[in-house]
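Colleague: Everything below, folded, please.
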Amino acid sequence: KEKKRRSKRVLSLCPLCVCVGGGATMIYSLYIYSRLGECVYYKDWTKKRAPTNPEEAFKLLYGLIFTMKAFISKIAPTMRDGTFQYFSTDTYKVHFFETPSMVKFILFTDPGSKDMREDLKRIYNFYIDFVVKNPLCVPNEVIRSEAFIAETDRAVLAINSNPNT
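Modeller: Just a heads-up that it's a prediction; the model follows:
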(Lines give C-alpha, C1' and ligand atoms only; values in the text may rest on other atoms or scores of the structure.)
Protein backbone atom coordinates (compact mmCIF):
# COMPACT_ATOMS: atom_id res chain seq x y z
CA LYS A 1 0.00 0.00 0.00
CA GLU A 2 1.34 3.36 -0.99
CA LYS A 3 0.51 6.27 1.22
CA LYS A 4 -0.07 9.58 -0.42
CA ARG A 5 2.37 12.13 0.89
CA ARG A 6 1.26 15.63 1.67
CA SER A 7 2.97 18.34 -0.34
CA LYS A 8 5.53 20.23 1.69
CA ARG A 9 7.07 23.60 1.09
CA VAL A 10 10.44 23.17 -0.58
CA LEU A 11 13.08 25.87 -0.23
CA SER A 12 15.86 26.34 -2.75
CA LEU A 13 19.27 27.95 -2.39
CA CYS A 14 18.29 30.77 -4.76
CA PRO A 15 16.81 33.65 -2.72
CA LEU A 16 13.80 33.89 -5.04
CA CYS A 17 13.22 30.13 -5.48
CA VAL A 18 10.38 28.92 -3.31
CA CYS A 19 7.85 26.37 -4.40
CA VAL A 20 4.68 25.06 -2.79
CA GLY A 21 3.52 21.55 -3.46
CA GLY A 22 6.28 20.43 -5.82
CA GLY A 23 5.14 22.40 -8.88
CA ALA A 24 7.39 24.92 -10.56
CA THR A 25 6.82 28.65 -10.27
CA MET A 26 7.29 30.31 -13.64
CA ILE A 27 7.92 34.04 -13.76
CA TYR A 28 6.77 35.54 -17.04
CA SER A 29 7.59 39.24 -16.73
CA LEU A 30 8.48 42.11 -14.41
CA TYR A 31 7.41 45.75 -14.64
CA ILE A 32 8.66 48.57 -12.43
CA TYR A 33 6.85 51.91 -12.41
CA SER A 34 8.25 55.13 -10.95
CA ARG A 35 6.25 57.20 -8.51
CA LEU A 36 5.26 59.32 -11.51
CA GLY A 37 3.57 56.33 -13.19
CA GLU A 38 6.23 55.83 -15.87
CA CYS A 39 7.46 52.33 -16.67
CA VAL A 40 11.16 52.45 -15.82
CA TYR A 41 11.89 48.73 -16.22
CA TYR A 42 10.31 45.92 -18.22
CA LYS A 43 11.61 42.43 -18.80
CA ASP A 44 9.78 39.46 -20.28
CA TRP A 45 11.45 36.08 -19.92
CA THR A 46 8.97 34.19 -22.12
CA LYS A 47 8.16 36.19 -25.24
CA LYS A 48 10.30 35.92 -28.33
CA ARG A 49 9.30 39.33 -29.65
CA ALA A 50 8.58 42.70 -28.08
CA PRO A 51 5.05 44.13 -28.01
CA THR A 52 4.17 46.20 -31.07
CA ASN A 53 3.35 49.26 -28.97
CA PRO A 54 5.06 48.88 -25.57
CA GLU A 55 4.17 52.38 -24.35
CA GLU A 56 0.47 51.65 -24.78
CA ALA A 57 0.85 48.30 -22.98
CA PHE A 58 2.67 50.03 -20.10
CA LYS A 59 -0.13 52.60 -19.76
CA LEU A 60 -2.83 49.93 -19.87
CA LEU A 61 -1.16 47.88 -17.16
CA TYR A 62 -0.63 50.94 -14.98
CA GLY A 63 -4.30 51.87 -15.43
CA LEU A 64 -5.37 48.36 -14.49
CA ILE A 65 -3.25 48.39 -11.33
CA PHE A 66 -4.44 51.90 -10.41
CA THR A 67 -8.08 50.82 -10.85
CA MET A 68 -7.60 47.59 -8.87
CA LYS A 69 -5.99 49.49 -5.99
CA ALA A 70 -8.84 52.03 -5.94
CA PHE A 71 -11.49 49.30 -6.12
CA ILE A 72 -9.92 47.24 -3.32
CA SER A 73 -9.53 50.29 -1.06
CA LYS A 74 -13.25 51.12 -1.55
CA ILE A 75 -14.60 47.67 -0.72
CA ALA A 76 -12.14 46.64 2.02
CA PRO A 77 -13.70 46.72 5.49
CA THR A 78 -10.50 48.04 7.10
CA MET A 79 -7.49 49.97 5.84
CA ARG A 80 -5.23 46.99 6.58
CA ASP A 81 -7.39 44.78 4.35
CA GLY A 82 -7.35 47.39 1.59
CA THR A 83 -3.91 46.45 0.28
CA PHE A 84 -3.92 44.99 -3.23
CA GLN A 85 -1.39 42.14 -3.44
CA TYR A 86 -2.32 39.95 -6.43
CA PHE A 87 -5.08 38.72 -8.69
CA SER A 88 -5.28 35.62 -10.82
CA THR A 89 -6.78 34.56 -14.15
CA ASP A 90 -6.80 31.20 -15.92
CA THR A 91 -3.52 31.98 -17.69
CA TYR A 92 -1.49 34.16 -15.29
CA LYS A 93 -1.25 35.69 -11.84
CA VAL A 94 -0.36 39.36 -11.32
CA HIS A 95 1.55 40.17 -8.13
CA PHE A 96 1.85 43.74 -6.89
CA PHE A 97 4.17 45.45 -4.41
CA GLU A 98 4.31 49.19 -3.77
CA THR A 99 7.14 50.78 -1.82
CA PRO A 100 6.72 53.65 0.66
CA SER A 101 8.13 55.95 -2.05
CA MET A 102 5.32 54.76 -4.40
CA VAL A 103 7.57 52.77 -6.75
CA LYS A 104 5.45 49.88 -8.05
CA PHE A 105 6.71 46.36 -8.81
CA ILE A 106 4.43 44.12 -10.89
CA LEU A 107 5.26 40.49 -11.53
CA PHE A 108 3.41 38.17 -13.92
CA THR A 109 3.65 34.46 -13.07
CA ASP A 110 1.87 31.22 -13.85
CA PRO A 111 -1.59 31.02 -12.23
CA GLY A 112 -0.58 28.30 -9.76
CA SER A 113 2.30 30.23 -8.23
CA LYS A 114 2.50 31.10 -4.56
CA ASP A 115 2.22 34.59 -3.13
CA MET A 116 5.33 36.35 -4.48
CA ARG A 117 5.32 39.30 -2.07
CA GLU A 118 8.58 38.30 -0.40
CA ASP A 119 10.19 37.77 -3.80
CA LEU A 120 9.07 41.23 -4.92
CA LYS A 121 10.63 42.65 -1.76
CA ARG A 122 13.90 40.93 -2.69
CA ILE A 123 13.75 42.50 -6.15
CA TYR A 124 13.06 45.81 -4.41
CA ASN A 125 16.26 45.26 -2.40
CA PHE A 126 18.14 44.76 -5.70
CA TYR A 127 16.55 48.03 -6.83
CA ILE A 128 17.75 49.82 -3.69
CA ASP A 129 21.28 48.38 -3.92
CA PHE A 130 21.89 48.80 -7.64
CA VAL A 131 19.64 51.70 -8.69
CA VAL A 132 18.83 54.01 -5.78
CA LYS A 133 22.32 53.86 -4.28
CA ASN A 134 23.95 54.21 -7.70
CA PRO A 135 24.90 57.86 -8.35
CA LEU A 136 24.85 57.20 -12.11
CA CYS A 137 21.16 56.23 -12.08
CA VAL A 138 18.71 59.10 -12.43
CA PRO A 139 15.50 58.78 -10.36
CA ASN A 140 12.30 58.18 -12.38
CA GLU A 141 14.31 57.36 -15.53
CA VAL A 142 14.59 54.02 -17.35
CA ILE A 143 16.75 51.63 -15.34
CA ARG A 144 20.01 50.92 -17.16
CA SER A 145 22.02 49.54 -14.24
CA GLU A 146 23.79 46.46 -15.54
CA ALA A 147 24.19 45.13 -12.00
CA PHE A 148 20.43 45.39 -11.32
CA ILE A 149 19.54 43.78 -14.64
CA ALA A 150 22.05 40.95 -14.18
CA GLU A 151 21.01 40.21 -10.59
CA THR A 152 17.31 40.23 -11.43
CA ASP A 153 17.87 38.04 -14.52
CA ARG A 154 19.98 35.60 -12.53
CA ALA A 155 17.37 35.22 -9.81
CA VAL A 156 14.39 34.89 -12.17
CA LEU A 157 16.13 32.52 -14.56
CA ALA A 158 17.09 30.31 -11.62
CA ILE A 159 13.40 30.00 -10.75
CA ASN A 160 12.31 29.41 -14.35
CA SER A 161 14.95 26.77 -15.06
CA ASN A 162 14.67 24.81 -11.81
CA PRO A 163 11.87 22.20 -11.94
CA ASN A 164 11.98 21.88 -8.15
CA THR A 165 11.05 25.51 -7.58
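Colleague: burial count for Lys104?
Modeller: Using other CB atoms under 10 Å, Lys104 is surrounded by 22 other residues. Heads up, the C-betas are built off the backbone N, CA and C, glycines and all.
Colleague: Could you do Asn53 as well?
Modeller: By the criterion of other CB under 10 Å, Asn53 has 10 neighbours.
Colleague: before we move on, what about Ser34?
Modeller: Using other CB under 10 Å, Ser34 has 18 other residues around it.
Colleague: who's in contact with it?
Modeller: 40, 103, 139-140 (CB atoms under 8 Å, 6 or more residues apart in numbering).
Colleague: before we move on, what SS does the most centrally placed residue in the chain have?
Modeller: Centroid-nearest residue in the chain, with CA atoms, centre = their mean: Leu107, separated by 2.4 Å. Of the three states, Leu107 takes strand according to DSSP: H, G, I helix; E, B strand; the rest coil.
Colleague: cool, Pro77 as well?
Modeller: Secondary structure, three-state DSSP: Pro77 is coil.
Colleague: where's it relative to Tyr33, distance?
Modeller: Separation of Pro77 from Tyr33 (CB to CB, to the nearest Å) stands at 28 Å.
Colleague: of those two, who's got more company?
Modeller: Applying other CB under 10 Å to Pro77 and Tyr33 shows that Tyr33 carries more neighbours, namely 23 against 7.
Colleague: pretty sure the more buried one contacts Lys59?
Modeller: No. Tyr33 lies out of contact with Lys59 (CB atoms under 8 Å); the separation is 10.3 Å.
Colleague: three-state assignment of Asn160?
Modeller: Following three-state DSSP, Asn160 is assigned to helix.
Colleague: With Lys59 instead?
Modeller: Lys59 - assigned by three-state DSSP - is helix.
Colleague: Let me know the pLDDT of it.
Modeller: In this prediction, Lys59 carries a pLDDT score of 95.
Colleague: Next: Ser12.
Modeller: 30.
Colleague: Restricted to strands, list the contacts of Ser34.
Modeller: Assigned to strands by DSSP state E, the following of the contacts of Ser34 qualify: Val40.
Colleague: which among the contacts of Ser34 end up buried?
Modeller: Buried members of the contacts of Ser34, scored by 16 or more other CB atoms under 10 Å, are 40, 103.
Colleague: Reformat the contacts of Ser34 as TSV; add pLDDT and distance to Lys114.
Modeller: Shown next, in TSV, are those (pLDDT from 0 to 100; distance: CB to CB, whole Å):
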residue	pLDDT	distance to Lys114
Val40	97	26
Val103	95	23
Pro139	89	32
Asn140	91	31
